[in-house]
Structure formats: C-alpha cells, structure tokens
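Trainee: Test case, fold it:
(one chain, ligands or ions: 1)
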Amino acid sequence: MAELSSLEELWWMLGALFFFHTSEYVLALLFHGRGVSLGSFLISGPYLVALGCSFVEHGVESRYAPWMKTLSPVSYMGLAMVVVGEFMRKCAVVTANHSFTHDIKTFHRPEHRLVTHGIYRFFRHPGYLGFLIWSVGSQVLLCNPVCTVGYTIVMWRFFRDRIPYEEFFLVQFFGEEYQQYAERVPSGIPFIQ
Ligand SMILES: C[S@@+](CC[C@H](N)C(=O)[O-])C[C@H]1O[C@@H](n2cnc3c(N)ncnc32)[C@H](O)[C@@H]1O
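Mentor: Got it, this is the predicted structure:
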C-alpha cells in the first residue's frame, strides 16, 4: 500500500469535506426543493473553529514532529472511517427522504412519516452515527491525536443533548409507535440509549 504523505492526507481531507458538504446540500435540495437554505451545507461558526483547530494541529505536528504524519496505516484507517461514515449518513438521508431535515422539526408536517425501515431498522440515528464516524475519521486520517480525542468528546456530547430533544418531538408526532420503536432499536451512538 502506497505511503501517504502529510500533504496527501490534507488533500484527502479537503476532498472529503467538499464531497460531504456539497452532497448534503444537493440531497436537501432534491428532497425539499428550492426553499432549502444555505444552512444545509452544514457549515456553522463552531464547526469552522473545530476545522481550524484540526488544520492547526496538522500544520504544527507536520512541522515539529513529521514522523507523526507518516503513519500510513492510521491514515488509511481514517480514510476507511470517512468512507463508511459518509455511506451510512447518506443511506440515512436517502432512506428517510422527506422526513430527514437538517433542523429538528417541532411541528408535525403532513409529509413527515415515521421511518423504521432500511438502515433505521438497525439504528434510530444512523445519520448521526455516520456523521460521528465521518468526523472522527477525518482526524484519524490527518493523524491528529488531539483533535481525534477532542472531536470524539465534542460530537458525543452534542448528540447526547440533541437526541432526547429530537425524540421528545418524535414522541409527540408518532406517540406509541415511536416509543415501541425506541424500545427495540438502539440509538447507534455508543453509551446513548
Ligand atoms: C438531522 S435529521 C436526523 C435524523 C436521525 N436522527 C438520524 O440520525 O438519522 C433530524 C430530523 O429527522 C427526524 N427524524 C429522526 N428520526 C426519525 C424517524 N425515525 N422517522 C422520521 N423522522 C425522523 C426528526 O424529527 C428531525 O426533524
């Protein structure tokens, strides 16, 4: 297997970022039409800060500890995580179709149906699980130990707070049917019921 240089890791990262954000927006346009906002690129202030940290870490370590950036098996593992996470995320978006919105809906729209088939048979939050694997994988790809740990903690805490909020409304919309679904299918995010 060819060795990945620190520059090649960066190029892979930029490619992964471009594909992820563009495809999120394009799929939102496809399923929800022209009313979709630029927010569907999923680029926020805190996200840019996190991204900045990862590039700073990569730059500093490339400069002062270049050996850390030539761990090709680690980079390839990160790349595999990025591909798996992306695939899982897009499976969720396509399966949930009109029911998948980037914001959490607090009112029941007529086209919003409960989705329990496809990848939702295995996880209640496959889109979040895919995003978690993708984002942590991006840091493994860059061989960034600090950001790998940081991203894992920040993302996990984000989903720990977001999932109960989202599910509160899903129970309002779908009642008993959602409760039974939640009892038999795990969230998908480790240590979150
Ligand atoms: C960003 S999407 C995330 C969906 C899901 N949490 C996931 O990780 O795949 C958020 C929207 O999906 C809706 N949603 C989440 N799970 C759903 C399900 N099983 N069926 C229908 N809609 C769902 C929520 O009501 C919310 O408006």
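Trainee: What separation do you get for whatever residue of the chain ends up closest to the ligand and residue 118?
Mentor: The chain approaches the ligand most closely through residue 127 (2.8 Å), counting by C-beta to the nearest ligand atom. Every C-beta, even on glycine, is put in place using the N, C-alpha and C of the backbone. Distance of residue 127 to residue 118, computed by C-beta to C-beta, to the nearest Å: 12 Å.
Trainee: which one of the two has more residues nearby?
Mentor: Higher neighbour count among residue 127 and residue 118: residue 127, with 21 against 13, using other C-beta atoms under 10 Å.
Trainee: Touching, that one and residue 94? I think so.
Mentor: No. Using C-beta atoms under 8 Å, residue 127 makes no contact with residue 94, being 10.4 Å away.
Trainee: What helices and strands are in contact with the helix or strand harbouring residue 180?
Mentor: In the assignment (DSSP states H and E), residue 180 maps to helix 145-184. In terms of contacts (3 or more C-beta pairs under 8 Å, 6 or more residues apart in numbering; DSSP states H and E), helix 145-184 is packed against helix 45-64, helix 126-141.
Trainee: Skipping adjacent residues, who's closest to the residue of the chain closest to the ligand in space?
Mentor: Distances taken as C-beta to C-beta, 6 or more residues apart in numbering put residue 92 closest to residue 127, at 3.7 Å, once the chain neighbours are dropped.
Trainee: which SS state does the one you found fall under?
Mentor: helix (DSSP: H, G, I helix; E, B strand; the rest coil).
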